[in-house]
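1. pasting the structure only:
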Ligand code: UFG
């Protein structure tokens, strides 16, 4: 498929987050103009590329969202903002339904009032629940086992109606486990619950040990298996999706590398990459965790002309380790 790339004015929500900040940088490098929105409750102002127009915005307030749309020229929206921690969603589901459905509706409503017709939505592998087949294709059964996945799936189901009624074209990208770092941007959550940063903090000595949540799953070594996709590869898929949005034959795309690593294998890779022992203990399963999440991503390869550059866990962990050594305190805001 041949296409001509035109520079666009792109609004990115959740622009100061881990994945959002990398996407903003990629968009700027590709000569797009970026309006970067974030309420900074979880994101870091310093992570937002200086050439983006940053607007501190709370998506739960429709008036704030509407003001951005009336003040800025916007051709397309990448909607990344949301709550995304599986474990937390099991404790506080309402927070997830508000953030991931109601706030997204405010964005869609502002889009329709302002006739913005292109929407790329950050969804998740958590929509599938416990896989009925491995790897998971976009047509696999969606039966989420945590409120996070359920909230994202509900929002996915709203989008065809905004296409039907207002002509808002959309692409849904279901991320598997985002991981790794660029030279300057990496993963530094205020409260860290993700596997790779926790392992690397343990290697650095800022944590005493890694707890492995569950070693009695029906997997090759008893620990959970995930498909770790480098954050730069996720970002490049967004650019492709935006550029091709009006020609795409499908609406939903899995973004993963197509093979999974167990928690114990990730730990092993990190021990090799860092040269550190990294103490680990075996703990109980974490509620809401499916045993295996691995993507079949052929559709993205074909339609988006997208191939991930990082396909091995060692290189993904190495990129995260280099970033961690450079910025051991993450972003100092
Ligand atoms: N894990 C541990 N110990 C830890 C942290 C994690 O054993 O201290 C395990 C988890 O149980 C899981 C795996 O490592 O099996 C990965 O856990 P993460 O918390 O890093 O990531 P999740 O798989 O829970 O979720 C991530 C994103 C979600 C997204 C999902 C898609 O946070 O937003 O990937 O697969 F939906």
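-> Perfect, thanks for sending it. Every value quoted in this text rests on a predicted model; they were computed, and no experiment measured them.
2. drop to CA atoms for contacts and neighbour counts, all remaining ones
-> Noted.
3. all strands of the stretch 151-300 of the chain, in order?
-> Using DSSP state E, counting those that start in this stretch, the strands found in the stretch 151-300 of the chain span residues 169-175, 177-179, 210-213, 225-226, 228-230, 252-255, 261-262, 280-283, 292-293.
4. the fourth one pairs with which strands, parallel or anti?
-> Strand 225-226 pairs in its sheet with strand 261-262 (antiparallel), strand 292-293 (parallel), by DSSP bridges.
5. what's in contact with it?
-> Applying C-alpha atoms under 8 Å, 6 or more residues apart in numbering, the contact partners of strand 225-226 are 176, 177, 219, 260, 261, 262, 263, 291, 292, 293, 294.
6. same check on the first one?
-> The set of residues that contact strand 169-175 without belonging to it, under C-alpha under 8 Å, 6+ apart, is 117-125, 156, 159, 163, 234, 241, 245-246, 250-256.
7. right, and residue 90 touches residue 289 too?
-> No: applying C-alpha atoms under 8 Å as the test, residue 90 and residue 289 come out as separate, 10.2 Å apart.
8. coming back round to it: give me the buried entries from the contacts of strand 169-175.
-> Buried members of those, scored by 16 or more other C-alpha atoms under 10 Å, are 117-125, 156, 159, 234, 241, 245, 251-256.
9. what does the stretch 151-300 of the chain have sitting close to the ligand?
-> Within the stretch 151-300 of the chain, the residues that sit near the ligand (C-alpha under 6 Å from any ligand atom) are 176-177, 193-195, 210-213, 224, 263, 286, 289, 293.
10. distance to residue 312 and neighbour count for those residues - can I get that in JSON lines?
-> Below are these laid out as JSON lines (distance: C-alpha to C-alpha, whole Å; neighbours: other C-alpha atoms under 10 Å):
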{"residue": "176", "distance to residue 312": "15", "neighbour count": "25"}
{"residue": "177", "distance to residue 312": "13", "neighbour count": "24"}
{"residue": "193", "distance to residue 312": "22", "neighbour count": "13"}
{"residue": "194", "distance to residue 312": "18", "neighbour count": "15"}
{"residue": "195", "distance to residue 312": "16", "neighbour count": "17"}
{"residue": "210", "distance to residue 312": "22", "neighbour count": "21"}
{"residue": "211", "distance to residue 312": "23", "neighbour count": "15"}
{"residue": "212", "distance to residue 312": "21", "neighbour count": "19"}
{"residue": "213", "distance to residue 312": "23", "neighbour count": "19"}
{"residue": "224", "distance to residue 312": "17", "neighbour count": "26"}
{"residue": "263", "distance to residue 312": "14", "neighbour count": "21"}
{"residue": "286", "distance to residue 312": "26", "neighbour count": "13"}
{"residue": "289", "distance to residue 312": "23", "neighbour count": "18"}
{"residue": "293", "distance to residue 312": "16", "neighbour count": "28"}
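11. what stretches of the stretch 151-300 of the chain score poorly on pLDDT?
-> Judged against pLDDT under 70, the stretch 151-300 of the chain has no low-scoring part.
12. in it, mark out all the helices, start to finish.
-> Ranges of helices in the stretch 151-300 of the chain, per DSSP state H, counting those that start in this stretch, are 195-204, 231-244, 263-274, 298-303.
13. just how off-centre is the shortest one within its chain?
-> By that I understand helix 298-303. 18 Å (C-alpha atoms, centre = their mean, to the nearest Å).
14. what's the angle between the helix or strand just after it and helix 231-244?
-> Sequence-wise, the next helix or strand downstream of helix 298-303 (DSSP states H and E) is helix 313-326. Relative orientation of helix 313-326 versus helix 231-244 (axes from the mean of the first three to the mean of the last three C-alpha atoms, to 10 degrees): 110 degrees.
15. can you tell if helix 313-326 touches the ligand?
-> No: with C-alpha under 6 Å from any ligand atom as the criterion, the ligand is not reached by helix 313-326; the gap is at least 12.4 Å.
16. buried sites along that helix?
-> Buried positions in helix 313-326, judged by neighbour count with 16+ other C-alpha under 10 Å: 313, 314, 315, 316, 317, 318, 319, 320, 321, 322, 323, 324.
17. who are the packing partners of it?
-> With contacts taken as 3 or more C-alpha pairs under 8 Å, 6 or more residues apart in numbering; DSSP states H and E, helix 313-326 sits against strand 177-179, helix 195-204, strand 228-230, helix 263-274.
18. and the ones you listed, which is most packed in?
-> strand 228-230 (a mean of 29; mean count of other C-alpha atoms under 10 Å).
19. against which helices or strands is that one packed?
-> Taking 3+ C-alpha pairs under 8 Å, 6+ apart as the contact cut, strand 228-230 packs with strand 177-179, helix 313-326.
20. now render the ones you listed as JSON lines, adding distance to residue 34.
-> Listed next are the helices and strands packed on strand 228-230 as JSON lines, based on distance: least, C-alpha to C-alpha, whole Å:
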{"stretch": "strand 177-179", "distance to residue 34": "22"}
{"stretch": "helix 313-326", "distance to residue 34": "24"}
